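J.: let me see the structure of the following:
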Amino acid sequence: MLHDRQEEPPGDAALRFDPRILFLGTAPDAIEAVLRGERSSLAAAGALRDDVSTDEITPIAILTHYDEQLGRFPYTGLEVDGRKPVAPGAIAASGIEVVVAGGRYGKGSSREHSPAAEKLAGVRLVIARSFERIYRQNADNIGLFTSTDFGLVERIEAGEAIAFDELLAGRDALACAILRSGGLLRFGASHLRQPEAEPASDTERPRTLFEKIVERHALSTPVTGGRPAPGDGAFVRADLRFIHEYYTGMAAHMLHAAFGPRLELHRPDSIVVFEDHTSYVEESPTHVRGGLVPNVHRMVEAQRRFAAQYALRSHRTPTEDEAARDDGSNVAGISHAMVAERHALPGQLIVGTDSHTPHSGALGCVAFGIGTTDMANAFVTGAVRLTMPRSLRVELAGRLAEGVTAKDLVLHLLALPFIRAGGGVGMVFEFTGAAVRALSIDERATLTNMTAELGGFTGIVAPDEETLRFLRERRGIEFELEPWMRSDEGAVYDRTLHVDCAAVGAMLAAPGDPGNGLPLAALAAPVRVDIAYGGSCTAGKREDFAHYHEVLHWAASRGLRVAPGVELFLQFGTTAVRDHCIAAGYLEAFERVGARILQPSCGACGNCGPGGSTHAAQVTVSAINRNFPGRGGPGSVWLASPPTVAASAIAGELLSFAQLRARHGEA
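T.: Numbers count the residues shown, from 1 in each chain. Now for the predicted structure:
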């Protein structure tokens, strides 16, 4: 696939690009004109689009492709002024080699399918004001150039060749070495076959918990050595590597193409494979109408073959029929939720092919998402690439008011001007303060999980007595915290954000972006809902279901049901959460109000099952983590907390639990 057709590294040569540039701006006519073969300009394109997400570059349904077919689909999810100006095959047919956009390009998931689709369609360079960390690293790994130098635009339009060193300007030494090698797999084959542990640091300077964990996992290679400073490229070993079905076929394809049909995997006992997205795909309108279900089955079978060939640990979420016959032996669920529930421990370093891998940071470990090539390289070398990030301290003071959850808190953070402007991009978010200490691990995991939406590299909470309680009660582990498992007094942070949690109320994020936050009480007019969805890794945990149950038990005891014309879906994050809810007697209230209960899966969050919209006029209120255009179907999606989702389902409009009680005459 991609790694077979890499160009030879150009050394010190200059590269010449087709002078027709595709500007992703706010004028759809300008985009269509370029695709017809005309030339445009930055002025004609309108304001450049910020926040071009990976959902728009390669919509979720396209992820069923993991080979050259991806080249037909870049930007097919891009919506500009109500139109989708890029049709399948249009980029490849146009001969476009350079794309230009605004800030936070590649925002969203860790899917390497996005830069892979661009490169396979002929794109060689993406210029943007800023890039999301995972997207840019994925682009490096496959040899797709990225730059923030807008001075290149006029020179390329004039037909000028650009020196290779100029394309690498401002990049760390490791990124340059990878791009000069033609991509990470070629680089890894040359430099990472026997990486060694870095000797222990003798520095006495105060360090953050993140820095300490990275130092304990650092690897010395011919290209990287010493302790990485912020901005330096490095390699680390991971205690656990995990992957799911949207990435495994792609990883297997590129590895076998590069190294032959039989591989020697590094520590296969530390690799876990999850089938967690696709158990409800036959009920996904996007996949059914698009004729993509056979592609999904092909993708799933590719993962199963790879896992069987190398005897890897696998977890597969059950279908509803399988769940009815389950004797309790099938332990499964959404990958990163399962990792926190069964695998992660304080002080560990964990990587997964999902942007929400930071979920496990709630337990005091370093957990971050990587792309397919990064994981493929880690499978065979044991080395995981990172660019050492800076740290951001988030001081959460006070205590959340009754009925206000961690989801409300993270939606509040997302709406802060500093975060909206991209201030947290690539940062480590260390959550501290009295409000964090009062949160359960489930609630802390909501914060660290949604570090992805905040733009961060990862999120972390120092382990404490609550961590030990979670490990003891959920996992049966008696864990002993070590003195080093905290940030030192005097550790350096790039910035500290202070939040008075007592002032945070029920929050929403308006359709289009998780950063479109506003207090629910500030809604100017009622907003009806057609679908209410509670589930996903962010909101399918035990405590989330306790919130759903509190609202729905209250409603059921008063003879209330889901409002006419509204569908309510509740989907467990893991089989352990399901079993807990059954044992606690939650299902009776759920059934009495008319909710549909779904087995563990990413489901509607990944546009892969019930709970998604089927037409543009529908309005969804959802507890998931993202509401980018097209995510969750063609309708509009409001993000909210679990209790707000449940209360809105009963009311038929966006409403908090407190507002619902007041409507029925209760204070």
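J.: hey, where'd the helices end up in the stretch 301-450 of the chain?
T.: For the stretch 301-450 of the chain, the helices defined by DSSP state H, counting those that start in this stretch cover 320-324, 335-342, 372-381, 406-415, 417-420, 434-437, 441-449.
J.: in JSON lines: those, plus mean pLDDT and distance to residue 653.
T.: Using the backbone N, CA and C atoms, a C-beta is placed for each residue, glycine as well. Formatted as JSON lines, these follow (pLDDT from 0 to 100; distance: least, CB to CB, whole Å):
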{"stretch": "helix 320-324", "mean pLDDT": "68", "distance to residue 653": "30"}
{"stretch": "helix 335-342", "mean pLDDT": "93", "distance to residue 653": "30"}
{"stretch": "helix 372-381", "mean pLDDT": "93", "distance to residue 653": "41"}
{"stretch": "helix 406-415", "mean pLDDT": "97", "distance to residue 653": "18"}
{"stretch": "helix 417-420", "mean pLDDT": "94", "distance to residue 653": "27"}
{"stretch": "helix 434-437", "mean pLDDT": "97", "distance to residue 653": "29"}
{"stretch": "helix 441-449", "mean pLDDT": "98", "distance to residue 653": "24"}
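J.: of all the ones you listed, which lies closest to residue 632?
T.: Among the helices of the stretch 301-450 of the chain, helix 406-415 comes nearest to residue 632, with 16.1 Å by CB to CB.
J.: any low-confidence regions in the stretch 151-300 of the chain?
T.: 194-203, 226 (pLDDT under 70).
J.: burial count for residue 616?
T.: 10 (other CB atoms under 10 Å).
J.: before we move on, what SS does the closest residue to it other than its chain neighbours have?
T.: Leaving aside its chain neighbours, residue 616 sits nearest to residue 634 (4.7 Å; criterion: CB to CB, 6 or more residues apart in numbering). On the three-state scheme (DSSP: H, G, I helix; E, B strand; the rest coil), residue 634 is labelled coil.
J.: and residue 634, what is it in contact with?
T.: The neighbours of residue 634, taking CB atoms under 8 Å, 6 or more residues apart in numbering as the test, are 613-616, 618.
J.: by neighbours, which of those residues wins?
T.: Result: residue 613 is most packed of the contacts of residue 634 (other CB under 10 Å), 22 neighbours.
J.: wait, a helix at that residue?
T.: No: per three-state DSSP, residue 613 lies outside any helix segment and is coil.
J.: picking up where we left off before, let's have the contacts of residue 634 in CSV, adding distance to residue 517.
T.: CSV is the format used below for the contacts of residue 634 (distance: CB to CB, whole Å):
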residue, distance to residue 517
613, 21
614, 27
615, 26
616, 23
618, 22
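J.: how about those residues in a markdown table, adding distance to residue 391 and pLDDT?
T.: Formatted as a markdown table, these follow (distance: CB to CB, whole Å; pLDDT from 0 to 100):
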| residue | distance to residue 391 | pLDDT |
| --- | --- | --- |
| 613 | 39 | 87 |
| 614 | 43 | 87 |
| 615 | 44 | 89 |
| 616 | 41 | 90 |
| 618 | 41 | 94 |
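J.: farthest pair within those residues?
T.: It's 614 and 616 that sit farthest apart of these, by CB to CB, at 9.3 Å.
J.: joint contacts of the two?
T.: 634-635.
J.: CA atoms only: put stretch 52-63 into CSV for me.
T.: Extracted in CSV, the C-alpha atoms of stretch 52-63 (Å, rounded to 0.1, in the frame of the first residue of the first chain):
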residue,chain,number,x,y,z
VAL,A,52,-11.0,20.7,9.3
SER,A,53,-11.6,17.5,11.1
THR,A,54,-10.6,13.9,10.2
ASP,A,55,-14.3,13.2,10.0
GLU,A,56,-14.5,15.6,7.1
ILE,A,57,-11.3,14.5,5.4
THR,A,58,-12.4,10.8,5.6
PRO,A,59,-15.9,10.2,7.0
ILE,A,60,-16.2,7.2,9.3
ALA,A,61,-17.9,5.1,6.6
ILE,A,62,-14.8,5.4,4.5
LEU,A,63,-12.7,3.8,7.2
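J.: okay, helices next: where are they in the stretch 51-200 of the chain?
T.: Using DSSP H, counting those that start in this stretch, helices in the stretch 51-200 of the chain cover 54-57, 90-94, 113-120, 133-142, 151-157, 164-167, 173-181, 184-191.
J.: and the ones you listed: which comes nearest residue 40?
T.: Here helix 151-157 is closest among the helices of the stretch 51-200 of the chain (CB to CB), at 9.6 Å.
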